[in-house]
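Visitor: Just need the structure, nothing else, for what follows:
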Amino acid sequence: MEDPVAKLGSGSVVTALTAGALAVVAVLAVQAKSSASSTTASAPSGKSPGVSASSTPGAKASPGKAVAVPKDSGTGKRVVYSVGLKRVWLVDPGQSGEPRTFTVQPGSVAPAPGTYAVFRVRQGPYTGSDGKQVKNAVLFTSHEGVIIGFSAAVDGSTPPADPSKKTGGIREALTDGQALFDFAPYDTKVVVVA
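Guide: Numbers count the residues shown, from 1 in each chain. Prediction:
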């Protein structure tokens, strides 16, 4: 029986594997869409389930009033991500005070509501699929073949995702990206709410 690799040629196999690896790296790099810096704020309520990542911008802050962690977002130490509010909370019941919270800029593909676990962290920097340098990636799921997670652009930029491309990067400001990266190592619970 003839070896299929020999029939294709080792150069073709190496080229295909390299192209596949570059595609994966590009998808992971998109995880760096960043947004406004950390705040404590009052957020609007009444967002409906199933809001896409391309919906209205994140909630604006009202000085002096904390944004409550969403109800039904689980218990214990966890990252809570509200797709509709474009906001993240770093919840640790072992810490005193209000959880750190900040707004984010989602990718074009939103994760479904549910509970996930961080499956990969990558400090970087490395080049994202949009050509930007990104770092502090915290990946937790995939949807429609797109890997989804949090990260920050090295230059601190937070532009909206290009709706013509499938991207799962949820970008945050540099300081928020570092805080999330430090808070959420491998296997940390991530709860996504609408």
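Visitor: Which parts of the chain are helices?
Guide: 4-8, 10-29, 174-183 (DSSP state H).
Visitor: Select from these the stretch with the lowest mean pLDDT.
Guide: In terms of average pLDDT, helix 10-29 trails the rest of the helices of the chain, at a mean of 42.
Visitor: how about the closest residue in space to residue 69 that isn't next to it in sequence, what does it touch?
Guide: Distances taken as CB to CB, 6 or more residues apart in numbering put residue 89 closest to residue 69, at 4.9 Å, once the chain neighbours are dropped. No exception for glycine: its C-beta is placed from N, CA and C like everyone else's. Neighbour list for residue 89: 67, 69, 70, 73, 79, 80, 99, 100, 101 [criterion: CB atoms under 8 Å, 6 or more residues apart in numbering].
Visitor: For residue 157, see how far away the last one is.
Guide: Meaning residue 101. Residue 101 is 21 Å from residue 157, where distance means CB to CB, to the nearest Å.
Visitor: neighbour-wise, which of the two wins?
Guide: Between residue 101 and residue 157, residue 101 has the larger neighbour count (other CB atoms under 10 Å), namely 25 against 17.
Visitor: give me the number of residues near residue 71?
Guide: 6.
Visitor: Report the residue spans of the chain with pLDDT below the cut-off.
Guide: Scanning the chain for pLDDT under 70 picks out 1-65, 128-131.
Visitor: could you pull out the strands for it?
Guide: 78-82, 87-91, 100-103, 114-117, 120-122, 126-127, 133-143, 146-153, 169-171, 189-193 (DSSP state E).
Visitor: Which of the ones you listed sits closest to residue 162?
Guide: Closest approach to residue 162 among the strands of the chain is made by strand 169-171 (10.9 Å; CB to CB).
Visitor: which strands and helices sit next to the closest one?
Guide: Where contact means 3 or more CB pairs under 8 Å, 6 or more residues apart in numbering; DSSP states H and E, strand 169-171 is packed against strand 146-153.
Visitor: tilt between the strand it packs on and strand 78-82?
Guide: 100 degrees (axes from the mean of the first three to the mean of the last three CA atoms, to 10 degrees).
Visitor: Packing partners of strand 146-153?
Guide: helix 10-29, strand 133-143, strand 169-171, helix 174-183.
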